[in-house]
Structure formats: C-alpha cells, structure tokens
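**Student:** got a sequence here, can you build the structure:
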Amino acid sequence: MLRLFLHGGGIFGKAVKLSAVILLLLSTWVFSQDLSYRVREEILDQFHPVTVNVSTHAVTTLQFPAQIQSLESDGFTQKPNEEASDFYISPGLNWVSIRSLRPGAVQNLGVVIGGRVYEVLIQTAEVNDFAVLFRFENPTRRQANIAPRAWSPLKKTPSS
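**Tutor:** This is a model prediction of the structure:
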C-alpha cells in the first residue's frame, strides 16, 4: 500500500494522494484559525453603551475592571427551566456570562459599578463574541492631579 501511494499506483494512488493533501490543508487551516477577533476590549462609558453579540449555542463572558454592585434588566434569568426569559445569565464578582435562550432576542443590561450605571446592549447573533473585556478610560494627566476636595462652611480657608 505504501509503495502504491509513493509511486502513484494508478487511479487509487492518485485519489489517496489527493485525499492526503486535502486533509493536510484542511487540518492546517482549522488549527491555525485566528479567533482573537471574537475577544475584544471596550471602554466603560456611561454615555456610550456597548453592543455585545451573544448566541444560542455558546456563552459570552463580560469582564469588568471592578466589582459589580448590581445588574439591572428584564429578560435575564439564572433559572432558564423555571422562568421565561430571553437570556441566561451567570454573574460573578466582576464578570457575567450570558447565553441567548431564543433567536432574535435583544435586551439592555445595566451594570452598576462604583455607584454608576453602565449600559450594555445584549443582542443575539449567529457569530457571538467569546469575551468582552471592559476597562475604565485612562484619566488625563490633568484629571489625575486634581484631588477631590470636600467643602465645608465649618472649615476655615487658608486665607482666613
């Protein structure tokens, strides 16, 4: 058999060679497929909601830069067998995993961090995001140098 494969051995040998080449090309393509585009980084901004694609066949995880205080929305459940809902949600301290329970579902999710709400639009898509890594916007140098001050009428100013 090996001799037939190496020397061409007629139609059968050519078919085996062609099959081996196709199998090699397909396995190289499958194992070298870059899926990094399905993991992305987003800036948390109260005035600019982020759209996240989830699917009915895989989980998407959202990671936040600080502990989540609250998740606010309708249409999300932790008990998909007991409650009618659009999305299954599994929350952690600073992450949330979401899977769509029905095609075409769209819902906003309010994520409260540090007393501020950040809106995320969750929509069902054929190709889901694997993960969305949120971060706070880096403060400018001027903002970083300003110390928060509390004014009090009982406290005397340096010039008084």
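**Student:** run through the protein and note the low-pLDDT ranges.
**Tutor:** Counting by pLDDT under 70, the chain contains low-confidence ranges at 1-16, 20-21, 24-32, 139-160.
**Student:** how about the helices in the protein?
**Tutor:** Here the chain has its helices, by DSSP state H, at 2-7, 10-31, 141-145.
**Student:** contacting residues around Val52?
**Tutor:** Thr60, Leu62, Ile98, Val120, Leu121, Ile122, Gln123, Asp129, Val132 (C-beta atoms under 8 Å, 6 or more residues apart in numbering). Just so you know, the C-beta spots here come from the backbone N, C-alpha and C atoms, and that holds for glycine as well.
**Student:** brain fart, Ile113
**Tutor:** Leu44, Phe64, Pro65, Ala66, Gln67, Ile68, Gln69.
**Student:** if you rank these by neighbours, which is first?
**Tutor:** When neighbours are counted by other C-beta atoms under 10 Å, Phe64 leads the contacts of Ile113 with 21 neighbours.
**Student:** you'd agree that residue is up against Val111?
**Tutor:** Yes - using C-beta atoms under 8 Å, Phe64 is in contact with Val111, at 6.6 Å.
**Student:** mutual contacts of these two, please.
**Tutor:** Joint contacts of Phe64 and Val111 (C-beta under 8 Å, 6+ apart) are Val96.
**Student:** domains for the chain, by residue range?
**Tutor:** 2-31, 37-136 (automatic domain parsing).
**Student:** of those domains, flag the one that's most buried.
**Tutor:** Mean neighbour count, computed with mean count of other C-beta atoms under 10 Å, is highest for domain 37-136 among the domains of the chain, reaching a mean of 15.
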